[in-house]
Structures are given as structure tokens and as C-alpha cells.
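Student: Dropping a prediction and its sequence here:
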Amino acid sequence: MEPGIGAGARRPRTGRGALYAALAAVAVALTVLLWSAVGPDGGAPAGTPETDADAAGAPAGAQRPSGRDALVDNPLYRTGRLSPLPCPAPGLHVEDPDSVERFLNALADCLDYAWEAQFAKAELPYRPPSRVFWREPGTSPCRDYPSEAGAFYCRTSTSIYIGTEDVVSKWKGEPNGIVYASLLAHEYAHHVQGESGLLEYYHQQRGSQQDRSAQNSWTRRAELQANCLAGAFLGSIRVSYGLTSDDIALMMEDAEATADRPGGPDSDRTHGSAHNSRTWLRHGFDEQTPRACNTWVADADLVS
């Protein structure tokens, strides 16, 4: 059974004021470092490409990149900013699972349109993911659910799985839909990674590592890239969704809260530090382009 890629359970929210003050000065400097790290894309010989001419938006004979190029020189990195498609905030009543499902479906529709357009610009094949919103225990080709993660992406079934009651519980009944929009955009970003040809090479390389620490260094790059890609989408709908400064602050706080726990064992370090989790999300949000999200060429301290 292939392991799913998912968001870890949320830890208790920390106070905003002191944490934001401590991070503010560093964030500016780190943004400069990020651009330095993700600017020039290093090339490498590609492996045998995968053809999928039937996918939406792709010309006949369109091929996904493979090998190291899928990571560091992906055509998606050359597509520019995501188009600012209209995506007004859906209504949400977190105590009603039907309302949560409608909210997630509406946001997933926006994600489908946004990323299908981006893949068309890259001339890459693309199919939107399936959606499974669970309320009862079930199973997927990647894992059973519910699990400690309230949401995950399974590449085998090309599906996003989210528990409409579980995520509300794990997010302590948070009424602001931006945390669920950010979660969905993150899991959707794993599908983007898969459709771009990136996940196959990532899984090969991660699986070839000899110890957990080395494997986790690959996992963090994948997860932080998903944070950044989620941010790129959320930034592109900032106006039409009606995001406020409070919404954005909560979104960044949430990125910190779902990161690796400070002082935890190295074996558990799979999603990056609170600082890096927030910074990659913010970088994507500000730049709104996949090129800003090339974690695979970033220095190790930016993906720790």
C-alpha cells in the first residue's frame, strides 16, 4: 500500500504577537534567500518521458518530464503567475458537515480551473483529482481513514481525501474557512506535483535513501513545495475571495501550527520548521508563480 501524502494533525495554536514579531525581520531576509535559491534552474538529463495526449489542455503528444528535470527544471516553472480567476468565498457553517463539503467542493472547482489553465500554459497533460469527503471510516489504495491526518492525497487513485468532520475537529472548530481552504490547496498541490511528473522521481529518490533522516529531507522539500504552491493559488484568488489581513495572518499562523514540532525527533521532521512552513506559503502567496516554489534547488536551511 503506497503511503499517502498528507497534512499532519494540527498542534495547539500559539500566540500570534510574540511569534510574529520574532519572525518578521527574518522573513524579509529569508525571502531574499529564497529568490537566490530558486532563481536559476539547474538542468539534468531527463529520463524517458511519459506521454498522455488525452489529458485536458495538452496538445497531441504532450509529455510529462521525468528524472531530475521533473524536479528542478519542470515546464510548470516557466508558466508565470496563476491567472486571477474569480473564486468568491463560499458560505461555511463548520458545525454542518454538508456545509463543509459544499465549501470544499466550491474551492476544489476553483483549484481545478486554476491549475488546468496553468498546465495548459506549460503544454502538459492534466486531469483534475477526484474528491473523497468522508464522514465514516473507509480505505484508499494509500491508507485507511480516518487517520492522524484529517486530509491526504493518494497518487495511486489520484484523489484528495478529507474528513469533513475530522478536519473541523482537528482545527478545533475554527469558523474561518481560510484554514480549510489552505489545507485543501496544500493537498491539491500534491496532485499538481504528481501531474507535473515530479512525484514519481521524488518517490524513487526518497525510497533509495538508506536512513529515515535522509528520507525526511526529501519529504520536507515536497511538503514545503506544496505549501508554496498552495500559497500561489490562494494569492491568485486574494481579491475575488475577499481575503482580509486577518485571514492572511490566520493562514500564516496555521502554516506554523501544522509544521514540525520544535525539539521533536529527527524521525518526525517531515513538514519543515514553523518558520520555513510559513515562509514558503507566504512566498508562494506573494509571487503566485510555480517558479517561486522550486524547493528542490533551495539551500538545506530553507527546507529544514
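Tutor: Ah, there it is. Predicted model, so just to flag it, every value in this text is computed and none were measured.
Student: Next up, the contacts around Leu250.
Tutor: Asn176, Ile178, Val179 (Cβ atoms under 8 Å, 6 or more residues apart in numbering). (C-beta placed from N, C-alpha, C; glycine too.)
Student: One more: His191?
Tutor: Trp115, Pro128, Pro129, Tyr153, Arg155, Thr158, Ile160.
Student: now Val94
Tutor: Remark: with contacts taken as Cβ under 8 Å, 6+ apart, Val94 is in contact with Val100, Val168, Gly173, Glu174, Pro175.
Student: among the residues you listed, who's most crowded?
Tutor: For the contacts of Val94, neighbours were counted by other Cβ atoms under 10 Å; the highest total belongs to Val100, with 23 neighbours.
Student: That one and Ala122: what is the separation?
Tutor: 32 Å (Cβ to Cβ, to the nearest Å).
Student: for Thr270, same thing?
Tutor: Spatial separation of Thr270 from Ala122 under the definition Cβ to Cβ is 28 Å.
Student: Please identify which of these two sits among more neighbours.
Tutor: Ala122 (22 against 18).
Student: Just give the nearest non-adjacent residue to the more buried one, would you?
Tutor: Distance criterion Cβ to Cβ, 6 or more residues apart in numbering; nearest residue to Ala122, sequence neighbours excluded, is Pro75 at 4.1 Å.
Student: Go ahead and confirm that neighbour touches Tyr126.
Tutor: No. Taking contact to mean Cβ atoms under 8 Å, the distance of 11.6 Å between Pro75 and Tyr126 leaves them out of contact.
Student: how far away is Pro97 from Leu234?
Tutor: Pro97 is 23 Å from Leu234, by Cβ to Cβ.
Student: quick one: which of the contacts of Leu250 has the most company?
Tutor: Across these, the neighbour count under other Cβ under 10 Å reaches its highest value at Val179, namely 24 neighbours.
Student: That one in helix, strand or coil?
Tutor: The three-state assignment at Val179 reads helix, by DSSP: H, G, I helix; E, B strand; the rest coil.
Student: Tell me if I'm right that it and Met251 touch.
Tutor: Yes. A contact is recorded between Val179 and Met251 when judged using Cβ under 8 Å, the distance being 7.1 Å.
Student: right, and the helix or strand after the helix or strand that contains Tyr161?
Tutor: Mapping Tyr161 onto the secondary structure by DSSP states H and E places it in strand 159-163. Past strand 159-163, further along toward the C-terminus, the next helix or strand under DSSP H and E is helix 166-170.
Student: so what does the helix or strand containing Leu104 touch, helix or strand wise?
Tutor: With elements delineated by DSSP H and E, Leu104 resides in helix 97-122, which encompasses its position. Packing contacts for helix 97-122, counted by 3 or more Cβ pairs under 8 Å, 6 or more residues apart in numbering; DSSP states H and E, involve strand 130-134, helix 178-195, helix 212-236.
Student: between those, which gets nearest to Pro90?
Tutor: helix 178-195 (9.1 Å; Cβ to Cβ).
Student: What mean pLDDT does that closest one get?
Tutor: On average, the pLDDT along helix 178-195 is 98.
Student: so what's Ala232 closest to, chain neighbours aside?
Tutor: The shortest distance from Ala232 to any residue that is not its chain neighbour, by Cβ to Cβ, 6+ apart, is 4.0 Å, and that residue is Gly284.
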